[in-house]
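**Student:** A structural model of the following input is requested.
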Amino acid sequence: MKKSNMIKFSAAALTFLGISATGVKPVKQPAQAASKRIKVISKQYVTVWANYQRGRHVATHLKKGSSHFVYQTATDSMGNLWYRIGKKEWVMAKYFNQVKSAKKAVKAKKTKAKVKKTKTVKKARSAASLAASWSAPMGSKARAKAVVSLAKQQVGKAYVKGSKGPNAFDNASLVAYVYKQAAGVNTGSSTKSQVKKGIAVDPSSGFAEGDLLFWVSKNKPYNVAIYVGGGKYVTAAGDQQGVVQASLSTYFWPSRARRVL
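**Tutor:** This next block holds a predicted model:
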């Protein structure tokens, strides 16, 4: 037998046994009917193939943004999902997005509007709450609660020396911003002025929500924080940490405190 005939016979025998000439047995997945409408999302174009299993490509491409019906779906031996969009026309599913039906689009629009309305209501309630805290008498819990709430909302923002907010703060500007916005109180924009506000609180007697905590040197305070209850305080800690909520520690206990509200 000639060598060429021997090769053909061997290939045929392998095919009969279900083994490809490359030694890998292709895994064929049955094509399933589908009725999804899809839209091309490829950056340029999508190649159309005659078969999803090593088929040759058809001399046509799909333009970006064109829509097509999917008649069948199938998975090739590599696990890729394919769509049949016409007779002997297969495309890889990863280049397509499903087009939302009109009903789903309306539902999504309504949901979006509902979320927006909820946010607006919450924002209005928050503004009303802050306005109410301004009119509350000094020493009332309403002002302190408003200060604590707004202080906690700043956690995670950046520390920038000299910045006055609302997206970045240093420790003194954080106090000034929170007290002005939440309680309508002007504390001044420096720790030197803030340490003179309100009345003195003995650090060993405990703190109330909204108290200003200071860590001082002989000449002036070098850090200020807002006590938010539960042994915690909020402060603009520095470049690396930003605005944080931290716990009081006996190793770093405030040396001075002031009750402004």
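**Student:** contacts and neighbour counts: CA atoms only from here.
**Tutor:** Fine.
**Student:** look at residue 134 and report its pLDDT.
**Tutor:** If you check residue 134, the pLDDT there is 55.
**Student:** correction: the previous question concerned residue 121.
**Tutor:** Looking at residue 121, the pLDDT reads 53.
**Student:** have a look at this structure and report its longest strand.
**Tutor:** The strand spanning the most residues in the chain, taking DSSP state E as the definition, is strand 221-229.
**Student:** for that one, which outside residues touch it?
**Tutor:** Residues outside strand 221-229 that contact it (CA atoms under 8 Å, 6 or more residues apart in numbering): 148, 151-152, 171-172, 175, 191-192, 195, 207-216, 233-236.
**Student:** give me the helices and strands touching the helix or strand following that strand, please.
**Tutor:** Moving toward the C-terminus from strand 221-229, the next helix or strand (DSSP states H and E) is strand 232-236. With contacts taken as 3 or more CA pairs under 8 Å, 6 or more residues apart in numbering; DSSP states H and E, strand 232-236 sits against helix 171-183, strand 221-229, strand 243-247.
**Student:** pick the most deeply packed of those.
**Tutor:** Of all the helices and strands packed on strand 232-236, helix 171-183 has the most neighbours on average by mean count of other CA atoms under 10 Å, namely a mean of 24.
**Student:** tell me what angle that one forms with strand 232-236.
**Tutor:** 120 degrees (axes from the mean of the first three to the mean of the last three CA atoms, to 10 degrees).
**Student:** who touches helix 171-183?
**Tutor:** Against helix 171-183 from outside (CA under 8 Å, 6+ apart): 130-131, 133-134, 143-144, 146-147, 150-151, 162-166, 185-191, 194, 223-226, 235-237.
**Student:** need the helix or strand of the chain with the lowest average pLDDT.
**Tutor:** Lowest by mean pLDDT, DSSP states H and E among the helices and strands of the chain is helix 3-16, with a mean of 45.
**Student:** residue 152 against residue 234, yeah?
**Tutor:** Yes - here residue 152 reaches residue 234: they are 6.8 Å apart, a contact under CA atoms under 8 Å.
**Student:** residues of stretch 50-57 that come out buried?
**Tutor:** 50, 51, 52, 53, 57 (16 or more other CA atoms under 10 Å).
**Student:** next, format the residues you listed as a markdown table and append pLDDT.
**Tutor:** As requested, the buried residues of stretch 50-57 are exported to a markdown table (pLDDT from 0 to 100):
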| residue | pLDDT |
| --- | --- |
| 50 | 87 |
| 51 | 86 |
| 52 | 85 |
| 53 | 78 |
| 57 | 70 |
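**Student:** tell me the one of the residues you listed nearest residue 256?
**Tutor:** Among these, residue 52 lies closest to residue 256 (CA to CA), at 75.1 Å.
**Student:** so that closest one makes contact with residue 90?
**Tutor:** Yes - applying CA under 8 Å as the test, residue 52 and residue 90 come out as touching, 6.0 Å apart.
**Student:** could you tell me which residues touch both of these two?
**Tutor:** When contacts are counted by CA under 8 Å, 6+ apart, residue 52 and residue 90 are jointly contacted by residue 82.
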